[in-house]
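1. Next comes the sequence, and after it the predicted model I'd like to discuss.
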Amino acid sequence: MSKINYREDQLPIIQYEGGKMAVPAVPGAGKTFIVTNLVAKLLEENRQGKGKILILTYMNSAVNNFKVRIKKILEDKNIEDKNYYEVMTIHSLAVKIIKEKPEIVMLNEDFNIADDLQKTMILGDCINNFKLNGGEKAFRFFVKEQKDQMWADRQLEAWDKGFYDLVQNTISELKYKDITPQKLNEYMKENRRGILKIILPIYTEYEKKLKANGLLDYDDMLILAHKALSIDEDLKRKYQNKYQYVFEDECQDSNEIQGKIIGLICEEHNNLVRVGDINQSITGTFSSSDPKFFKNFIENSDCCYRMDMSNRSSKDVINLANELVRYVTQNLQTECKDALEDMDIKTVPKNKGYKENPQPEKYQISYKYYETFDEEIENTVKFVRNINKKYPDKSIGILVPYNDHVNLVAKELIKEDLEFEELGPNSLRKRRVIDNIALIIDFILNCDDKEKLIEVLDKVYIKTDNKEGKKDFIQLLRKDHLNVENLLYDDECSKDIIIDTESDLYQSFLYGIQNLKNIIEYPLTRIDKLILFIGDSMTIEKEEIAIVDYLAFYVKYLVAENNSINLQQIYNLLSDRKNRVFSYIIEVVSEINGYEPLPGSITVCNYHKAKGLEWDCVFLLGMTEFNFPDNIYQKFQCDKWYLKEKYKNPEANIKSEIDFVLNGEVNKNYSKEIKENLVKEKIRLLYVGITRAKEMLILSASAKNSSLDKRKQNPSMYLNILKSIIDKKGE
DNA sequence: TGCTTCTTCGTTTTT
DNA sequence: CGAAGAAGCA
């Protein structure tokens, strides 16, 4: 077995023996590689003693990745795998700690974790109940005055949607500040106004419902785990002895309480390695994470080694990323200068046996500015098609700002007959399962509607490669003298349909008819069972079966909450594309497996989802001023158009209100702070986008959202900055 | 070009 | 409702 040839920036890290070590690393530096090898080396030297090595990651998919890779290294090194290491997410660790002694934190032994889906259902219920029980008026108070009824409705709808996230984030913040509903109630007694006033009853009921069902949400898990370790000396000792070494991956996404939990476990042995990249911290504005915690750790650690070499991208792509850092740290307005840490990515030295950076023959970075967003998508897809044809082995990533855009790009790719993968909750393919079930229910509700029957057969059951034949066959079914009755129950009618009865087209038609007959006869007393039954009749993949299961679970919950709910209402829910429960169902199902772009594949996703992935060729769309702002005085996403001027930025209002409740005064201009953080996070999001590319990178923006849209948007300032760099290099 | 009046539209990320 | 672009006018 050959010895691993570590790069010079990796050498000091692999020589680690103990203490607090900080490892800030640039994108593509090989964080997983170095951590897995270091863990294997420590195991080889038996440094864990009587304890174990703990590796904490952020996502479930990363857990598996780490396990597989450590196992492989141990095998290669011929070290017996005695399970002296554990890989888990910080949340699983928290659960493990609480399970140990639930009574310390006043919990019943058989508590459960509320996943995103359950949380959404419960919180959604609480909000609804609040409105139904007299809260509606207070809820509407914050919306702008509007005489035009149509716009009044739209404002309310928008507030409805935004309110959910606001409540969720507020509850999370209150929990971290150790403000229980009871405490808040005490504090708020004299307060008559404010958004907290209407969040309080929702928060109260939410906590009550969680408790009643024996559930903890993600925030509770961390908070209680920390509490348990702080209160119970024995428990803390146990974990300190158990984990002699702790590694934390992606620690730029860590929040204060996670840091504290890890701190307590490491207190005794003090062997802690934290690896991360501050410039890739992109979750701060919607979670309690903040890169400042990692920055702090870097300053207070025993040693800090930077991994600043990356072999992922060509030197041109690296140069572009470095220029962005340079621009931000030197030229941006003072408040946002520290968005990026001044840390140049270096290419790997040549001819030293390291895996080297890709070296494309020519400069492969460009930018485009289009008239409309439609045009931007259309041209991008054409570009993608050409690359895919010319270089069939290259992987291509198309990154867009929003999940809705993923859909738009997907539709265009379908038009061009290109195979692709969508990441995120709007995946057309995954949505289709839900849509198909809705179609069938619609037919059950309207049994005599022939068009609906034909639609179900067409979209759900009839499967064939013979596209033309299918079209003709569907036309045959539309013949006037055939009604639903004939099609379903009259075997003679098939004589009218002149078609090869052995073909897969006809066989799948018969299969569909038979199933629909069974479905119509299925008793309506248990709608959740009906959904499972419908799911069974559709030939679908494993992942899609999981979606059906979740769907049935959701319906069961709905029925339990409201006995009188009928099939029509269920249909209405299923066909509501904005229902956030479905997004979570799809996310929960897809999260189980990690994703890795294969050679020749095309991936569409948003900038956030792209983190941790890499492609040969990357398209960055939507680089407008609105999506990537450079100062806090332009139009901002956190300012809500539908709210009264005073409450325009409700998040800031809430922060002020909490401040006031706790200290009797407001200490900061929170609106300004929120906007600054947003500007900074968007810069890092762009940095993440750029550093996904190995060889080719195309940046683009458009002046208008659609050709009908009259308002223009400026390209992001960063696009202009990058443009000038690209122009110089392109010569 | 600079000013007023008329018309149109209302964008978000998620462990 | 209010911001911002378009159209109208001097």
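-> Happy to help now that I have it.
2. any weak-confidence spans in the stretch 551-700 of chain A?
-> Along the stretch 551-700 of chain A, the model assigns pLDDT under 70 to residues A:591-593.
3. Alongside DNA strand C, which residues does it contribute?
-> A:635, A:641, A:645 (CB under 7 Å from any atom of the strand). Using the backbone N, CA and C atoms, a C-beta is placed for each residue, glycine as well.
4. Now, the residues you listed that are in strands?
-> Judged by DSSP state E, strands contain none of these.
5. can I get these in TSV with neighbour count?
-> Output for those, formatted as TSV (neighbours: other CB atoms under 10 Å):
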residue	neighbour count
A:635	10
A:641	9
A:645	7
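6. Closest one of those to DNA strand B?
-> For those, the minimum distance to DNA strand B (CB to the nearest atom of the strand) is 4.0 Å, reached by residue A:641.
7. tell me the contacts of that closest one?
-> Residue A:641 is in contact with residue A:158, counting by CB atoms under 8 Å, 6 or more residues apart in numbering.
8. show me where chain A has strands.
-> Counting by DSSP E, the strands of chain A are A:20-24, A:52-57, A:85-89, A:112-113, A:215-216, A:243-248, A:272-276, A:303-304, A:365-372, A:396-400, A:421-422, A:602-606, A:615-620, A:693-704.
9. Compile these into JSON lines and extend it with columns for mean neighbour count and distance to residue A:468.
-> As requested, these are exported to JSON lines (neighbours: other CB atoms under 10 Å; distance: least, CB to CB, whole Å):
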{"stretch": "strand A:20-24", "mean neighbour count": "23", "distance to residue A:468": "59"}
{"stretch": "strand A:52-57", "mean neighbour count": "24", "distance to residue A:468": "50"}
{"stretch": "strand A:85-89", "mean neighbour count": "20", "distance to residue A:468": "50"}
{"stretch": "strand A:112-113", "mean neighbour count": "15", "distance to residue A:468": "51"}
{"stretch": "strand A:215-216", "mean neighbour count": "20", "distance to residue A:468": "53"}
{"stretch": "strand A:243-248", "mean neighbour count": "24", "distance to residue A:468": "57"}
{"stretch": "strand A:272-276", "mean neighbour count": "25", "distance to residue A:468": "55"}
{"stretch": "strand A:303-304", "mean neighbour count": "14", "distance to residue A:468": "65"}
{"stretch": "strand A:365-372", "mean neighbour count": "17", "distance to residue A:468": "34"}
{"stretch": "strand A:396-400", "mean neighbour count": "27", "distance to residue A:468": "30"}
{"stretch": "strand A:421-422", "mean neighbour count": "20", "distance to residue A:468": "28"}
{"stretch": "strand A:602-606", "mean neighbour count": "24", "distance to residue A:468": "27"}
{"stretch": "strand A:615-620", "mean neighbour count": "25", "distance to residue A:468": "34"}
{"stretch": "strand A:693-704", "mean neighbour count": "24", "distance to residue A:468": "36"}
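10. ok so, going back, and the residues of the stretch 551-700 of chain A next to DNA strand C near DNA strand B, which?
-> Near DNA strand B, judged by CB under 7 Å from any atom of the strand, the entries from these are A:635, A:641.
11. shouldn't residue A:81 be in contact with residue A:72?
-> No. In this structure, residue A:81 is not within contact of residue A:72 by CB atoms under 8 Å, at 10.4 Å.
12. got the end-to-end distance for stretch A:420-435?
-> Stretch A:420-435 has an end-to-end distance of 20 Å (CA to CA, to the nearest Å).
13. Looking at stretch A:215-235 now, give me its mean pLDDT.
-> On average, the pLDDT along stretch A:215-235 is 93.
14. Pull the residues that contact it.
-> A:90-91, A:93-95, A:97-98, A:100-101, A:104-105, A:107, A:111-114, A:118-119, A:122, A:171-172, A:175-176, A:178, A:209-210, A:236, A:239, A:255, A:257-258, A:260-261, A:264-265.
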